[in-house]
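Enquirer: predicted model and sequence follow; I will ask about them next.
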Amino acid sequence: MSYMNPFQPNPKNSRDALIKKMNCYFSKERETLQSSYRSNLKKESIDFFIKTEDGSYTLNSPDFDGKIETMHNSNGAITESFEKFVKPFKNSYFKNINKSKLLRNENIVNEKILEKKELSNENLKNSNNTENLAILISNEKLENLKYQEDIAILDICSGLGYNSAAMIEDFLKNINNGSGKAVKLSIDMVEISIETLAAGILSPSPIKSHEIVKKAIESKLIDENYLALKLEKEDIPDNVAISIYCEDARETVKKLEDNSYDGIFLDPYSPAMAPELCTVEFFRQLKRVIKSDGIVATYTLAAGVRYAFVEAGFHIGEGPVFGRIHGGTIASPNVNNINKAISSSDEKTIALSDAGIPFRDENLDLESSEILNNRKLERKNARHSYKLSSAVQTPIFLGKKIKDKKLKRRIIRNLNKVNISTLKSEEAGFIISPQYKYIHDYSAKYNFKNKSKYKFNNNLKNKNNFKNIIKFNLKNNGKSNLKGILNYDYKSNSKHRIIEMEKRLKTLNSYKKRKKTG
């Protein structure tokens, strides 16, 4: 959710006008208990919805200080739900589900692999069951795998109900009915706007399961005394449970139990419009309620949001690409759920730039404007102090050559303000090389013992990125203040790289400032 509106302004697309019409017609329904008002409203409201390329419909967002977004990608609203939310969840589910329960036992696993000719008999004997299962799952089409365990989903900012509908559609299509176990899908939908929920009833259903969601929404709206009649015909299946919270998601998550959800769909408007759902503190609540092998899927790739996930204890990776150049974000307590790492440039931006400063909301009660203003102030104080300026994307050029002289001068000025002399200086190498420890550096924190045990690893991933920054040959770099060795404690994932790079920039600045002051 969160796309700048690509459509021409049209009074018929006015969200406010639709809400005014809904309130009028639903009020008449409550007063008269006549179904004709809702029937007429459905016919008249179609002009307020915007048709996307896959035939499904979306709505405009509220007006946020003159900015209006559409609720879904113009390339396809329901397709986006499957691609950005359901598919990442399925990848996680089938990767982490209990192996013995998934395929019963080792013999079945082996038979299926041999049947697909993935391994020879000899290789099969030499590999363990977990490896065999990984081979089978990686080669099996995702849509052919069957759900065999109960699933719990938290759908935050559920909007018109498309993400929940897509999950239900996939679940009902892929239940393993032959397992002998009644598998259940439980979805908790959270939407602060009762009018948005009501619009979900008016929206033409893009898939059959959306009718199931409409039934649940109708029931909730009757409980809230917003509707009066039960007119939705599709029954909710016995193996699907839907609960709806019509309130601020920050209040909802406080009530939820620990370790409850296999997947969380986080689909608010953009961070500039809904920063309260992108804060470190909110993500800590998500970390509490998600299972240890669950995932959070969200469309945004904003540096501040990704840093907030890291500070809250999540591993992060890039989500599926749909409708734009880059994917969103996948976050999980389990690093094995991260199928695609974010780029090294994004890691540097998050760790080293003021753009990576996260949104904060200590007590989960601030207004959006307060959260935005507080972050703006924190970015200002961090810039040129313990963070690089995000201007001209300064951090991504560390360790690189720049041909554009004007751009290079601007970047060097930004680097000098945080005590980095040049793009390929020892300081730069120290910061962006978290896979190395150092014999002598700017902090005793990085000193080590038994240096003779270590040697340079010529097969080190991405070693070419740091060529000519620091001479790592222990015998011949006596002229260098920084002598690098392989850090055997280094963990190669975005979370740890971001944390270590940020720590090193702060360490460098602290050392240089102390040295200047004497």
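Expert: Received, thanks.
Enquirer: any idea how far Ser332 lies from Ser203?
Expert: 31 Å (CB to CB, to the nearest Å). Every C-beta, even on glycine, is put in place using the N, C-alpha and C of the backbone.
Enquirer: which of those two has more neighbours?
Expert: Ser332 (27 against 24; other CB atoms under 10 Å).
Enquirer: measure how buried His210 is and give me the count.
Expert: A count of nearby residues for His210, using other CB under 10 Å, gives 26.
Enquirer: what is the neighbour count of the residue nearest to Tyr57 when sequence neighbours are not counted?
Expert: Among residues not flanking Tyr57 along the chain, Phe49 sits closest, at 3.9 Å (CB to CB, 6 or more residues apart in numbering). For Phe49, the neighbour count with other CB under 10 Å is 21.
Enquirer: give the contact list for Phe49.
Expert: By CB atoms under 8 Å, 6 or more residues apart in numbering, the contact set of Phe49 is 57-59, 202-204.
Enquirer: let's have those in TSV, adding distance to Val392, pLDDT and secondary structure.
Expert: Shown next, in TSV, are the contacts of Phe49 (distance: CB to CB, whole Å; pLDDT from 0 to 100; DSSP: H, G, I helix; E, B strand; the rest coil):
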residue	distance to Val392	pLDDT	secondary structure
Tyr57	40	93	strand
Thr58	35	93	strand
Leu59	37	90	coil
Leu202	46	96	helix
Ser203	43	95	coil
Pro204	46	94	coil
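Enquirer: and those residues, which are buried?
Expert: 57-59, 202-203 (16 or more other CB atoms under 10 Å).
Enquirer: format these as JSON lines; extra columns: distance to Ile499.
Expert: Formatted as JSON lines, the buried ones among the contacts of Phe49 follow (distance: CB to CB, whole Å):
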{"residue": "Tyr57", "distance to Ile499": "42"}
{"residue": "Thr58", "distance to Ile499": "38"}
{"residue": "Leu59", "distance to Ile499": "39"}
{"residue": "Leu202", "distance to Ile499": "46"}
{"residue": "Ser203", "distance to Ile499": "43"}
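Enquirer: and those residues, which is closest to His72?
Expert: Thr58 (4.0 Å; CB to CB).
Enquirer: any idea which element the nearest residue to that closest one once chain neighbours are set aside lies in?
Expert: In space, and not counting its chain neighbours, Thr58 is closest to His72: 4.0 Å by CB to CB, 6+ apart. Here His72 sits in a region with no helix or strand, counting by DSSP states H and E.
Enquirer: how about the strands in the chain?
Expert: Per DSSP state E, the chain carries strands over the ranges 3-4, 50-51, 57-58, 69-70, 151-156, 185-190, 240-245, 261-266, 290-298, 315-318, 329-332, 436-438, 484-486.
Enquirer: indicate which one of these is closest to Glu276.
Expert: Closest approach to Glu276 among the strands of the chain (CB to CB): strand 151-156, 11.5 Å.
Enquirer: now that closest one and strand 185-190, what's the angle there?
Expert: Strand 151-156 runs at 10 degrees relative to strand 185-190, counting by axes from the mean of the first three to the mean of the last three CA atoms, to 10 degrees.
Enquirer: before we move on, back to that, in TSV: the strands of the chain, plus distance to Glu218.
Expert: As requested, the strands of the chain are arranged in TSV below (distance: least, CB to CB, whole Å):
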stretch	distance to Glu218
strand 3-4	28
strand 50-51	23
strand 57-58	18
strand 69-70	25
strand 151-156	17
strand 185-190	13
strand 240-245	10
strand 261-266	21
strand 290-298	27
strand 315-318	37
strand 329-332	33
strand 436-438	60
strand 484-486	61
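Enquirer: what's the closest of these to Lys230?
Expert: Nearest to Lys230, of all these, is strand 240-245, at 15.2 Å by CB to CB.
Enquirer: can you tell me the strand partners of the closest one and which way each runs?
Expert: Strand 240-245 sits in its sheet next to strand 185-190 (parallel), going by DSSP bridges.
Enquirer: can you pull the buried residues of the strand it pairs with?
Expert: Neighbour-count burial for strand 185-190 flags 185-190 (criterion: 16+ other CB under 10 Å).
Enquirer: kindly report the same for stretch 414-433.
Expert: Applying 16+ other CB under 10 Å to stretch 414-433 flags 414-415, 418-420, 423-433 as buried.
Enquirer: now swap in stretch 272-279 and tell me
Expert: 273-279.
Enquirer: who's in contact with that stretch?
Expert: 2, 61, 64, 67, 69, 156-157, 248-250, 266, 268, 271, 282, 300, 302, 304-305, 308, 358-361, 364, 366-368, 371-372, 375.
Enquirer: buried subset of the residues you listed?
Expert: Buried members of those, counted by 16+ other CB under 10 Å: 2, 61, 69, 156-157, 249-250, 266, 268, 271, 282, 300, 302, 304-305, 308, 358-361, 364, 366, 368, 371-372, 375.
Enquirer: sorry, back to before: can you report how many residues lie near the residue nearest to Thr58?
Expert: 29.
Enquirer: tell me the spacing between it and Ala165.
Expert: Separation of His72 from Ala165 (CB to CB): 13 Å.
Enquirer: again, but for Lys67
Expert: 27 Å.
Enquirer: cool, and Ser74?
Expert: Ser74 is 19 Å from Ala165, by CB to CB.
Enquirer: between the two, who's got more neighbours?
Expert: Neighbour totals were compared for Ser74 and Ala165, and Ala165 leads with 28 against 19 (other CB under 10 Å).
Enquirer: isn't the more buried one right up against Ser209?
Expert: Yes. Using CB atoms under 8 Å, Ala165 makes contact with Ser209 at a distance of 4.6 Å.
Enquirer: pLDDT on the longest helix seen in the chain, on average?
Expert: Assignment by DSSP state H gives helix 494-517 as the longest helix of the chain. Average pLDDT, helix 494-517: 80.
Enquirer: what residues of it count as buried?
Expert: By neighbour count on 16+ other CB under 10 Å, the buried set for helix 494-517 is 494-509.
Enquirer: where in the stretch 301-450 of the chain is pLDDT low?
Expert: Applying pLDDT under 70 to the stretch 301-450 of the chain flags residues 436-450.
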